[in-house]
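# dropping a prediction and its sequence here:
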Amino acid sequence: MEPGLRHLLSAGDLSTAQIQSLLQIARAFSKPINDGESIPILQGKTIVNLFFENSTRTRISFEVATRKLQGNVLNFAASTSSLTKGETLVDTAKNIEAMRPHCLVVRHSSAGSPNFLAKCLSLPVVNAGDGFHEHPTQGLLDAFTIQEKLGEIKGKRVVILGDIAHSRVARSNIHILKKLGASVAVCAPPTLLPPKPEVLGVDYAYRPEELLPDADVVMALRIQMERQEQRQFPSLSEYAKFWGLNKERAKLLKPHAIILHPGPINRGVELDAEIADGPRSVILDQVFNGVLVRMAVLAAVCAPEALSAWLKTANTATVNKGGAHA
Ligand code: CP
């Protein structure tokens, strides 16, 4: 396992070995975190959550992940900051860097903002979602959830259904799932796919009925009104009728197929409530797994030596108990 990572800016930058290593580290954290323990890997480290765009799951799970690793966390909220007085993104980040934190976790509505900050600062930067570019920790937590529920990802058919054109989640998932050997297909109305869908390097269809019968995993995506300059389909009810995952469409799925959604859900649009809350849904497992994966990323970026030492101890304890290696 190679636990060190300078930044995490894009799932596209990660090698297959790095993805596997991060998922393996997250798995090693699973038992102690499920048992309510904390792990002293980030002691003395300060992580700043620099969120310029709203978030519930990502911001809070980075905060929980830092605390579970016994680090300190500071939360920056754009609406109460000096951005409102005209300070620039880079000045804001440089002033925060001057206070000597150990890592910035950045969410921004502009694609490429975390990459730009990584070039301007000496600090490690973790991308928590940038515009419609990437959301690498979401892709990692989705892969972790699929592995946990279905075993090996290699050979599984994953159908990503919804607003592909504006989705950073789709982009990160495509990078990660393809590297792990999944067969990926996307499905959306033509206006919610890139003009040349083949650039995504995956199969595509315009109607869910063509793809659902072969799916092991369906990942429904939110319709992102905030990233559409004009509505790309006639009405939400029309979208729900032809592309929403409802009870009737779910009947097309194989018995073991699972349903993911990154959240937040537009209930009654991309997912009916009985699907979101039904037996195939693993949406809340995704949220818990987000803490484990973000712990793995923060530990790999901020404290690779402490992480290596902890993994050796965890491995030794597992082997001494006669179990498998972490
Ligand atoms: N999945 C996700 O990024 O959710 P938040 O916007 O609530 O962080």
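That came through fine.

# check contacts around the residue nearest to residue 303 when sequence neighbours are not counted.
Residue nearest to residue 303 in three dimensions, not counting chain neighbours: residue 41, with 5.1 Å by CB to CB, 6 or more residues apart in numbering. Every C-beta, even on glycine, is put in place using the N, C-alpha and C of the backbone. Shown in contact with residue 41 (CB atoms under 8 Å, 6 or more residues apart in numbering): 69, 70, 71, 299, 303, 306, 307, 310.

# now do residue 16
179, 180.

# quick check, pLDDT for it.
If you check residue 16, the pLDDT there is 98.

# against residue 177, how distant is it?
Going from residue 16 to residue 177 by CB to CB, to the nearest Å gives 11 Å.

# and if you look at residue 7?
According to CB to CB, residue 7 and residue 177 sit 22 Å apart.

# neighbour count for those two, which is higher?
Remark: of residue 7 and residue 177, residue 177 carries more neighbours, 25 against 19, as counted by other CB atoms under 10 Å.

# which element is the closest residue to residue 202 other than its chain neighbours on?
In space, and not counting its chain neighbours, residue 202 is closest to residue 184: 4.2 Å by CB to CB, 6+ apart. Secondary structure assignment for residue 184, by DSSP states H and E: strand 183-187.

# that strand pairs with which strands, and in what direction?
strand 157-161 (parallel), strand 203-205 (parallel) (DSSP bridges).

# and residue 255, which of those is closest to it?
Among the strands paired with strand 183-187, strand 157-161 comes nearest to residue 255, with 14.4 Å by CB to CB.

# just the buried members of the contacts of residue 41?
Buried subset of the contacts of residue 41 (neighbour count, 16 or more other CB atoms under 10 Å): 69, 71, 299, 303, 306, 307, 310.

# list the contacts for the closest residue to the ligand within the stretch 201-326 of the chain?
In the stretch 201-326 of the chain, the residue that lies nearest the ligand is residue 262 (3.8 Å; CB to the nearest ligand atom). Shown in contact with residue 262 (CB under 8 Å, 6+ apart): 57, 135, 138, 142, 169, 219, 221, 222, 286.

# give me that answer again for 7 Å
For residue 262, the contacting residues are 138, 169, by CB atoms under 7 Å, 6 or more residues apart in numbering.

# same check on residue 190?
Contacts of residue 190 by CB under 7 Å, 6+ apart are residue 206.

# just the one 3 residues further on next, same as before
Taking CB under 7 Å, 6+ apart, we find residue 193 in contact with 164, 165, 186, 204.
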